[in-house]
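Engineer: sequence-free structure coming up:
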């Protein structure tokens with residue numbers, strides 16, 4: 001993985017050979033977050049498990065942090081990144097700005113609530129060294145999440161000081177990650193939940209403690225071995241039971257230049273990565289994929305139905321399956337709104353919708369107005385704001401058969 005150009009070719013080869021990788025068995029998905037590992041480290045180090053996963057699909061650079069200087073700018077902080085992924089939205093929607101004293105806006109459903117809202121039974125699991133991932137970010141059992149419950153729960157070990165006593169350099173967290181990855185592999189081998197989240201924490205601690213250097217490298221390599229445990233369990237299920245698995249490995253944020261910190265909007269803090277064992281579309285191959293793309297990709301792979309009002313709020317674009325357009329923006333120009341996008345598939349009709357309310361944020365419904373149509377290759381559409389109620393706030397959505405994009409715009 002040391003040649004970034006070659007890494008992207010992996011995805012192109014996988015795209016062209018996707019038919020040979022298909023299987024008719026039950027679909028399952030697991031995503032793994034390795035905390036705080038910037039893309040340049042993954043590309044520099046020899047990480048066999050991540051490389052093998054990508055060799056079946058693709059590896060690509062991604063980003064976190066929303067749009068710099070815009071309404072959706074988002075801190076590059078751990079719990080924020082997890083929630084970006086869980087909800088496919090940025091901070092302006094999910095309302096998780098940091099790691100402490102959190103009050104998520106549960107009106108933007110997580111992938112686990114979407115899973116449980118399906119008309120069929122979907123089993124779910126979490127393997128995590130931080131209990132708040134389940135109790136706060138997913139909001140298990142809360143009225144606001146309609147009491148969503150996970151079927152297999154392995155977490156909260158950071159609270160067990162007897163089983164995991166303190167160690168120099170906070171290595172008890174590494175011990176917990178070892179235990180978490182072992183339990184994840186065991187549960188997948190025995191129970192094969194339909195949707196699982198594996199969270200590995202210590203790499204972020206290693207970065208904070210050691211910064212760039214051999215020690216940080218060492219613990220990224222060890223995290224790859226923890227990924228290997230889960231990957232081996234997936235391969236066992238594929239071989240023995242014929243199941244069709246999507247495995248996504250990613251991180252929640254990058255790091256500052258010295259490796260010690262994160263939270264800001266520098267290029268290294270914003271630049272992340274995704275490895276997936278399935279063929280990808282032009283979204284990931286463009287190098288512009290975001291962490292918010294992961295949940296829509298898993299939902300599409302698992303065949304989840306997502307309500308249109310939820311889909312219109314998601315900021316991610318699936319990198320699995322077909323994608324028609326991406327990279328929407330909305331800019332005011334006199335009394336108009338210039339909508340822009342990038343075409344991935346020519347000859348596709350783009351339906352342009354607008355709303356002048358944001359009732360969804362409070363659990364309500366927005367009224368969507370059809371304002372026009374365009375072709376995907378046009379890559380632009382101008383909305384006359386005089387045809388819409390004058391509120392100063394506008395939500396715009398572009399819909400095609402395979403893509404739904406949204407942007408907000410405010411004018412004085």
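Structural biologist: Yep, that arrived. This structure is a prediction, so every number in the text was calculated from the model and none was measured.

Engineer: Tell me where the stretch 251-400 of the chain has helices.
Structural biologist: 267-270, 282-285, 294-302, 308-311 (DSSP state H, counting those that start in this stretch).

Engineer: Mean confidence (pLDDT) on stretch 60-77, please.
Structural biologist: Averaging pLDDT along stretch 60-77 yields 98.

Engineer: And that stretch, how far out from the chain middle?
Structural biologist: Chain-centre distance of stretch 60-77: 12 Å, with C-alpha atoms, centre = their mean, to the nearest Å.

Engineer: now do stretch 105-113
Structural biologist: Distance of stretch 105-113 from the chain centroid (C-alpha atoms, centre = their mean) equals 13 Å.

Engineer: Stretch 218-231 now?
Structural biologist: That offset, for stretch 218-231, works out to 20 Å (C-alpha atoms, centre = their mean).

Engineer: Same question for stretch 256-271.
Structural biologist: The answer for stretch 256-271 is 19 Å, by C-alpha atoms, centre = their mean.

Engineer: List the buried residues of it.
Structural biologist: 256, 259, 261-263, 265-266, 268-271 (16 or more other C-beta atoms under 10 Å). (C-beta placed from N, C-alpha, C; glycine too.)

Engineer: Distance check, residue 290 against residue 274.
Structural biologist: According to C-beta to C-beta, to the nearest Å, residue 290 and residue 274 sit 9 Å apart.

Engineer: What of residue 179?
Structural biologist: Residue 179 is 26 Å from residue 274, by C-beta to C-beta.

Engineer: And those two? Which one has more around it.
Structural biologist: residue 274 (27 against 18; other C-beta atoms under 10 Å).

Engineer: circling back to that earlier point, show only the entries of the buried residues of stretch 256-271 found in strands.
Structural biologist: Among the buried residues of stretch 256-271, DSSP state E puts residue 271 in strands.

Engineer: Adding distance to residue 400 and pLDDT, write the buried residues of stretch 256-271 out as a markdown table.
Structural biologist: Formatted as a markdown table, the buried residues of stretch 256-271 follow (distance: C-beta to C-beta, whole Å; pLDDT from 0 to 100):
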| residue | distance to residue 400 | pLDDT |
| --- | --- | --- |
| 256 | 38 | 98 |
| 259 | 41 | 98 |
| 261 | 40 | 98 |
| 262 | 35 | 98 |
| 263 | 35 | 98 |
| 265 | 30 | 98 |
| 266 | 34 | 98 |
| 268 | 34 | 98 |
| 269 | 32 | 98 |
| 270 | 27 | 98 |
| 271 | 28 | 98 |
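
Engineer: now, which of the buried residues of stretch 256-271 sits nearest residue 295?
Structural biologist: Nearest to residue 295, judged by C-beta to C-beta, of the buried residues of stretch 256-271 is residue 270 at 19.1 Å.

Engineer: Tell me which stretches of the stretch 101-250 of the chain form helices.
Structural biologist: 111-116, 132, 172-191, 202-210, 214-241.

Engineer: angle of the last one against helix 172-191?
Structural biologist: Taking axes from the mean of the first three to the mean of the last three C-alpha atoms, to 10 degrees, helix 214-241 and helix 172-191 form an angle of 10 degrees between their directions.

Engineer: And helix 214-241, what does it pack against?
Structural biologist: When contacts are defined as 3 or more C-beta pairs under 8 Å, 6 or more residues apart in numbering; DSSP states H and E, helix 214-241 packs onto strand 27-34, helix 39-44, helix 48-56, helix 172-191, strand 195-200, helix 202-210, strand 244-250.

Engineer: Return the most buried member of those.
Structural biologist: For the helices and strands packed on helix 214-241, the largest average neighbour count (mean count of other C-beta atoms under 10 Å) is found in strand 195-200, namely a mean of 27.

Engineer: which secondary structure elements does it contact?
Structural biologist: Checked by 3+ C-beta pairs under 8 Å, 6+ apart, strand 195-200 has strand 27-34, helix 111-116, strand 124-128, helix 172-191, helix 214-241 packed alongside it.

Engineer: For the ones you listed, give me JSON lines that also has mean pLDDT and distance to residue 93.
Structural biologist: JSON lines is the format used below for these (pLDDT from 0 to 100; distance: least, C-beta to C-beta, whole Å):
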{"stretch": "strand 27-34", "mean pLDDT": "98", "distance to residue 93": "20"}
{"stretch": "helix 111-116", "mean pLDDT": "98", "distance to residue 93": "15"}
{"stretch": "strand 124-128", "mean pLDDT": "98", "distance to residue 93": "22"}
{"stretch": "helix 172-191", "mean pLDDT": "98", "distance to residue 93": "29"}
{"stretch": "helix 214-241", "mean pLDDT": "98", "distance to residue 93": "30"}
